[in-house]
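# Fold the stuff below for me.
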Amino acid sequence: MILFKYSKGAYFVISLFIIFGIFSSCSKEKEEKTSFNIQMKEQFISDITMAINHLDSAKTDTSNVKKYFLQSRKYFKKIEPILASLDIENYGFLNQPNILKVEEEDFTDIKTKKPSGYQVLEEEIFTENMNSVRVNKHLNLVSNRLKLIRKNTSFNHLKTYHFLWLFRKSIVQIALTGITGFDSPVLENSLEESKIVYQSLKTYLSIFQNEFNNPALLKKWNYEIEASIKDLNADFNTFNRYDFIKNHTHKQLDLWNQIVNDWHVSFPFELAIKNKAISLFSKDTYNHTYFSDRNSGEMTPQKITLGKKLFYDTNLSSDKKTSCATCHHADKAFTDGLKIGAKVTRNTPTLLYSGLQKAFFYDKRAGSLEGQIIAVIENKNEFHTDLETLRQVVTQDSIYTKSFAEVFKNQKVGNAEIRNAIASYIRSLAPFDSKFDRNINTIENTLTQNEINGFNLFNGKAKCATCHFAPVFNGTVPPNYRESEIEFIGVPEQNDTINAIISSDLGRYHVYKTPERKHFFKTPTVRNAGKTAPYMHNGVYNTLEDVMDFYNRGGGIGIGIHNEYQTLPSDALDLTNQEIKDIISFIHSLEDDIEAY
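The predicted structure is shown next:
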């Protein structure tokens, strides 16, 4: 199922098959129902049944619970390519982290849910003092959920392009979460599990062998999958993730596009990642419309230019002295370089790559850039005006009215168009032109070994990428990009490791007053972090070395700030001084040349 939000508190849950099936041809449908649909379903049912059987065996043979869990997890990974695309909600339940889930729609609809699934079972089973009652509870929950999925999953409306989308999505998921240890927090069994996923992809691809007009292309795919599996035979902490993405993931994206051409497949629309993307680290990778307000329209060069002019215009504020650029300086990666600005209560975040997320402000109180702009306009400490006054200021300028007529096709200038133009400029601030990007895209070969080591540590041993997901390195979770995460990491009031006291800012709690959300803040991008000091929502750390020391100790718990809701693992990372230096070197390699912006 896919979840669509049309207005606050209103959701439509619609079958992915039905939505996508609307665009399919009826003549092709009958043929496909008797071919790959049936074969895919048979494979899926076989694998999910094995996953269920091993869980049920674990319930009756408790002495071998670890063995049965690992076998069930193996078959869960085999069905992952199908389940993660065609039943996102159930997949999310089965693969969620062992962290309390809080759903906040409005003040009258707040739900807290204790997690279950394979990650929870992993933490419950592979511990010194296993609690059999809790383990059995989760074994039942997971087994029952899998049985429900097996009973209700339909393949009848699946079309060729659905398969291609799920195939590519699985490749992206391996690269951005699979090989980072995101869903195997205790065992760090991610590389082995990624091999299982690749083998499953190979199995499903073989079902489509008759679709290939060029048989050599299928051979290329089989060879590439085997090569990927071979390279995944590595130690988790020393695995070269940079090399894997550069030489396997990107190659597979190119081969995927070759399949699209070979099969003559067309797509009804684009998802978060553009259909023709051949790199994960490119300005041409993302479909900005997917991340935008659904009424935002096309992001044209003319609209961006208009938005930039508005961004720098002080006449839009009540004192005629304040513009967006007052707090977001291009030479400081669109921050202000201050711990906390004079008229605000939190550290000013970068605007670079801010369009590639699903929530805004540190506490996620705005759901779009346009919504965030409203808050800035009406804030008495910032623009201190209102939308109608803003509209009047713009309409009194003949140059603006002419530009708006050209950009918005003679529509009257309204506050929605003004905000959309500014938001479009901000969305354009995603160049993907750092030294790291140029190297992983083989444009140049200038990365040092320390920088490569830093990327591998960031995505491996240091576990940074389990919250700061590549390639944007923020908290918007790939490969669906439906949610921007908030975390409790235990940021202190002062840079103190002896008598640390947690920051007095309650973060997300201020939005809905949910006790379980005290001190939760949105995960920002690490891109250009070398230019955006000081760090954290309160600017408590002046250097990246300070930040790395905080994480290396285990976050707030590591410096004596104890709270049951900390989402950051509390164990020390045990990074060496050289490893910390390498991670910081990598972070510096993510700096863009932003003079053109």
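# okay, CA-based contacts and neighbour counts for the rest of this
Noted.
# For the closest residue to Lys276 other than its chain neighbours, grab the count of nearby residues.
Of all residues beyond its chain neighbours, the one nearest Lys276 is Asn257 (6.5 Å), with distances taken as C-alpha to C-alpha, 6 or more residues apart in numbering. By the measure other C-alpha atoms under 10 Å, the count of residues near Asn257 is 18.
# where does Asn257 land in three-state SS?
helix (DSSP: H, G, I helix; E, B strand; the rest coil).
# okay, the closest residue in space to Val344 that isn't next to it in sequence: pLDDT?
Nearest non-adjacent residue to Val344, counting by C-alpha to C-alpha, 6+ apart: Asn381, 6.8 Å away. pLDDT recorded at Asn381 is 88.
# Repeat that for Asp106.
pLDDT, Asp106: 84.
# Kindly state the beta-bridge partners for it.
Beta-bridge partners recorded for Asp106 (DSSP bridges): Asp109.
# how is the protein carved up into domains?
1-158, 159-268, 290-427, 435-588 (automatic domain parsing).
# Arrange these in a markdown table, one row each, with distance to Ser282 as further columns.
Below are those laid out as a markdown table (distance: least, C-alpha to C-alpha, whole Å):
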| stretch | distance to Ser282 |
| --- | --- |
| domain 1-158 | 23 |
| domain 159-268 | 11 |
| domain 290-427 | 12 |
| domain 435-588 | 7 |
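# before we move on, the earlier item: isn't the residue nearest to Val344 right next to Gly341, touching?
No: counting by C-alpha atoms under 8 Å, Asn381 stays clear of Gly341, with 10.5 Å between them.
# Buried residues in stretch 407-425, which are they?
407, 413-415, 417-425 (16 or more other C-alpha atoms under 10 Å).
# My error: substitute stretch 168-178 in the last question.
So, applying 16+ other C-alpha under 10 Å, buried residues of stretch 168-178: 168-178.
# now swap in stretch 266-280 and tell me
Neighbour-count burial for stretch 266-280 [16+ other C-alpha under 10 Å]: 267, 271-273, 275, 277-280.
# Next: stretch 379-394.
382-387, 390-391, 394.
# got the CA positions of that stretch in PDB?
What follows is stretch 379-394, C-alpha atoms only, in PDB (Å, rounded to 0.1, in the frame of the first residue of the first chain):
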ATOM      1  CA  ASN A 379       7.400  36.300  12.900                       C
ATOM      2  CA  LYS A 380       7.700  39.600  14.800                       C
ATOM      3  CA  ASN A 381      11.500  39.000  15.200                       C
ATOM      4  CA  GLU A 382      12.000  38.400  11.500                       C
ATOM      5  CA  PHE A 383       9.900  40.000   8.700                       C
ATOM      6  CA  HIS A 384       7.200  41.100  11.200                       C
ATOM      7  CA  THR A 385       4.600  41.500   8.500                       C
ATOM      8  CA  ASP A 386       1.700  39.600   7.000                       C
ATOM      9  CA  LEU A 387       0.900  37.900   3.700                       C
ATOM     10  CA  GLU A 388      -1.400  40.600   2.500                       C
ATOM     11  CA  THR A 389       1.100  43.400   3.200                       C
ATOM     12  CA  LEU A 390       3.700  41.300   1.400                       C
ATOM     13  CA  ARG A 391       1.500  41.000  -1.600                       C
ATOM     14  CA  GLN A 392       0.900  44.800  -1.700                       C
ATOM     15  CA  VAL A 393       4.600  45.600  -1.600                       C
ATOM     16  CA  VAL A 394       5.300  43.300  -4.500                       C
END
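# ok, and what's touching that stretch?
Contact with stretch 379-394 is made by 315-319, 322-323, 343-344, 374, 376-378, 400-401, 413-415, 418, as judged by C-alpha atoms under 8 Å, 6 or more residues apart in numbering.
# Mind checking which of those are in helices?
Among the contacts of stretch 379-394, the residues falling in helices (DSSP state H) are 374, 376-378, 400-401, 415, 418.
# Can I have the buried ones of these as a ChimeraX selection?
A single ChimeraX command selects the buried members of those (16+ other C-alpha under 10 Å):
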select :374,376,377,400,401,415,418
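# so who does the closest residue in space to Ala430 that isn't next to it in sequence touch?
Distances taken as C-alpha to C-alpha, 6+ apart place Tyr353 nearest to Ala430, at 4.7 Å, with adjacent residues excluded. For Tyr353, the contact set (C-alpha under 8 Å, 6+ apart) comprises 427, 429-430, 472, 525.
# Need phi/psi at Tyr353.
Backbone torsions of Tyr353, given as degrees, to the nearest 10, read phi 70, psi 10.
# Could you do Thr112 as well?
Torsion angles, degrees, to the nearest 10, at Thr112: phi -120, psi 130.
# Now tabulate the buried residues of stretch 266-280 in CSV and tack on pLDDT and distance to Lys461.
Output for those, formatted as CSV (pLDDT from 0 to 100; distance: C-alpha to C-alpha, whole Å):
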residue, pLDDT, distance to Lys461
Phe267, 97, 38
Leu271, 94, 31
Ala272, 96, 28
Ile273, 97, 27
Asn275, 97, 32
Ala277, 98, 29
Ile278, 98, 28
Ser279, 98, 24
Leu280, 98, 22
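# want to try TSV for those, with distance to Glu89 and secondary structure as columns?
Output for the buried residues of stretch 266-280, formatted as TSV (distance: C-alpha to C-alpha, whole Å; DSSP: H, G, I helix; E, B strand; the rest coil):
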residue	distance to Glu89	secondary structure
Phe267	23	coil
Leu271	17	coil
Ala272	17	coil
Ile273	20	strand
Asn275	23	coil
Ala277	26	coil
Ile278	28	coil
Ser279	27	coil
Leu280	25	coil
